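J.: dropping the sequence and predicted coords here.
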Amino acid sequence: MKRIAIMTGGGDCAGINAFIAAAVRHGILKYGAEFVGIRKAYEGAVSDRIADYLLPLTLDGVKGLECCPSTILESSRSFPFSRENTAKGLPEKLIANLRSLGIEAVLSTGGNDTIKTGMLLSTRGFPVICAPKSIDNDVSGTDTMLGFKTAVAFGAEAVRSTINSARTHRRISVVEVMGREAGWLALEIGMAASADLILIPERPVSLERVCAAVQRIYEQQNNVNIVIAEGVRFAADDPVLNKAKAESQVVRALLEENLGTDCHGNCKLGGVGQILRRIIKIQLGLAKLEEVRCTDLGFSLRGLPPVAEDINLGTRFGIAAVDRLYAGESGIMVGIQGPRVVSVPIEQALVHKGVDWDDDELRSVGVIW
Ligand code: F6P
């Protein structure tokens, strides 16, 4: 094994560059490997002009890279194995492109979709090892994914800041965080910031119960601090929602807005915080919308410089991915389980990992539904 490609697909996050730096350093020093990065992941790898997407990865080139935010290899959500792309022969073109460059294996960081793409490439006989990254922290077989700890640390700081301001101005504050289907970010950011209420996709929300809690807490402390995951959806027959729809054209418009989907068919999310903001104003009969403020942390959780835990996790994943590749493994994801880095068959990793704490513990830390 000599020439290895590295790709970084899906949503960016902290720790990916630490993975790249460690894999390159370990591979060159221990195995005499050569590394080439392919920009924009599988979009670059299937391009007619793949040479335009290449970035040689050398010992000098990765010096100090481990603490840099996001990824130097850019990213895409391109999916060469979709039905449409398969019909166009993109899987065969992908392998032909890689082979034409003398590439013998691929190391890839990714969330569930990019990891699935790596598995499909591996099943076609091309060696692939994946490392889990996503602020959503939503794949199985690993306690943590790259980027999650950094996003929680920053998100908690940001929510604590909004709480300080809500106290001063005696306001109700709604903070929306990412997390497409899993509520880990909302749960751990809300908990770390001591938010009063946390709403997650794993627990279907009763808006009547939420608004009653907001009213009660406001009467007690003259401010309320709510963290909501972007993936929370309100039941179409929720009477409080329907009252808000009847009274607010903005609520209707936000609920009806189609934000589109990505290459893997995932719905684009965002805006649930603004919907909840208006629901609270209407349900509590507040005179002005400004009494309820909404902050969407959105992409601020993605482009952060990594905290030490994500640098170290990326480093361990990079070293392990190279060692397992040279041990002849393929079609696996490296994961962290307790103190150990392990190899996880990708089929197992792709099992969605939603918030699985018990109801009592969730209620105890402020989750409401
Ligand atoms: O996959 C992680 C994630 O940040 C999700 O939390 C979010 O819904 C999605 O990516 C946003 O995708 P994009 O960056 O393509 O808009």
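T.: Structure received. Given the structure is predicted, the values throughout are model-derived calculations rather than measurements.
J.: outside of the longest helix seen in the chain itself, list whatever touches it.
T.: Criterion DSSP state H: the longest helix present in the chain is helix 148-169. Residues outside helix 148-169 that contact it (C-beta atoms under 8 Å, 6 or more residues apart in numbering): 13-15, 134-137, 171-173, 175, 177-178, 184-185, 188-190, 192-195, 222-225, 227, 293, 295, 297, 300-302, 304-307, 309-310, 313. (C-beta placed from N, C-alpha, C; glycine too.)
J.: filter those by proximity to the ligand?
T.: When contact is defined as C-beta under 6 Å from any ligand atom, these meet the ligand at 134, 135, 136, 178, 302.
J.: can I get those in a markdown table including secondary structure and distance to residue 327?
T.: Formatted as a markdown table, those follow (DSSP: H, G, I helix; E, B strand; the rest coil; distance: C-beta to C-beta, whole Å):
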| residue | secondary structure | distance to residue 327 |
| --- | --- | --- |
| 134 | coil | 26 |
| 135 | coil | 30 |
| 136 | coil | 29 |
| 178 | coil | 35 |
| 302 | coil | 33 |
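J.: which residue ranges form the helices in the stretch 251-369 of the chain?
T.: 272-284, 308-326, 346-349, 359-364 (DSSP state H, counting those that start in this stretch).
J.: in JSON lines: the ones you listed, plus mean pLDDT.
T.: Converted to JSON lines, these look like this (pLDDT from 0 to 100):
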{"stretch": "helix 272-284", "mean pLDDT": "97"}
{"stretch": "helix 308-326", "mean pLDDT": "98"}
{"stretch": "helix 346-349", "mean pLDDT": "94"}
{"stretch": "helix 359-364", "mean pLDDT": "98"}
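J.: how about these, which one is nearest residue 203?
T.: With C-beta to C-beta as the measure, helix 359-364 is the member of those nearest residue 203 (7.1 Å).
J.: just the CA atoms of that closest one, as PDB, please.
T.: What follows is helix 359-364, C-alpha atoms only, in PDB (Å, rounded to 0.1, in the frame of the first residue of the first chain):
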ATOM      1  CA  ASP A 359     -37.600   9.900  30.600                       C
ATOM      2  CA  ASP A 360     -36.900  10.700  34.300                       C
ATOM      3  CA  GLU A 361     -33.300  11.800  33.600                       C
ATOM      4  CA  LEU A 362     -34.400  13.900  30.600                       C
ATOM      5  CA  ARG A 363     -37.100  15.600  32.600                       C
ATOM      6  CA  SER A 364     -34.600  16.300  35.400                       C
END
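J.: interface residues of the stretch 1-150 of the chain facing the ligand?
T.: So far as C-beta under 6 Å from any ligand atom goes, the stretch 1-150 of the chain lies against the ligand at 10, 11, 77, 111, 134, 135, 136.
J.: check the secondary structure at the residue of the stretch 1-150 of the chain at minimum distance from the ligand for me.
T.: Taking C-beta to the nearest ligand atom, the ligand has its nearest neighbour within the stretch 1-150 of the chain at residue 11, 3.4 Å off. Counting by DSSP: H, G, I helix; E, B strand; the rest coil, the backbone at residue 11 sits in coil.
J.: run a quick neighbour tally on it.
T.: 21 (other C-beta atoms under 10 Å).
J.: check contacts around it.
T.: Counting by C-beta under 8 Å, 6+ apart, residue 11 makes contact with 75, 111, 134, 135, 136, 302.
J.: dump the helices of the stretch 251-369 of the chain to a markdown table, plus mean neighbour count and distance to residue 121.
T.: Conversion of those to a markdown table gives the following (neighbours: other C-beta atoms under 10 Å; distance: least, C-beta to C-beta, whole Å):
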| stretch | mean neighbour count | distance to residue 121 |
| --- | --- | --- |
| helix 272-284 | 23 | 35 |
| helix 308-326 | 23 | 14 |
| helix 346-349 | 18 | 10 |
| helix 359-364 | 12 | 38 |
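J.: how about those, which one is nearest residue 97?
T.: Closest among those, using C-beta to C-beta: helix 308-326, at 19.5 Å.
J.: got the CA coordinates for that closest one in CSV?
T.: Below are the C-alpha coordinates for helix 308-326, written out as CSV (Å, rounded to 0.1, in the frame of the first residue of the first chain):
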residue,chain,number,x,y,z
ALA,A,308,-8.5,19.6,22.9
GLU,A,309,-10.9,16.6,23.1
ASP,A,310,-11.6,16.9,19.4
ILE,A,311,-8.0,17.4,18.5
ASN,A,312,-7.1,14.2,20.5
LEU,A,313,-10.0,12.2,19.1
GLY,A,314,-9.1,13.2,15.5
THR,A,315,-5.5,12.3,16.2
ARG,A,316,-6.5,8.9,17.6
PHE,A,317,-8.9,8.2,14.7
GLY,A,318,-6.2,9.2,12.1
ILE,A,319,-3.6,6.9,13.6
ALA,A,320,-6.0,4.0,14.0
ALA,A,321,-7.4,4.4,10.4
VAL,A,322,-4.0,4.1,8.9
ASP,A,323,-3.0,1.1,11.2
ARG,A,324,-6.2,-0.7,10.3
LEU,A,325,-5.8,0.0,6.6
TYR,A,326,-2.3,-1.5,6.7
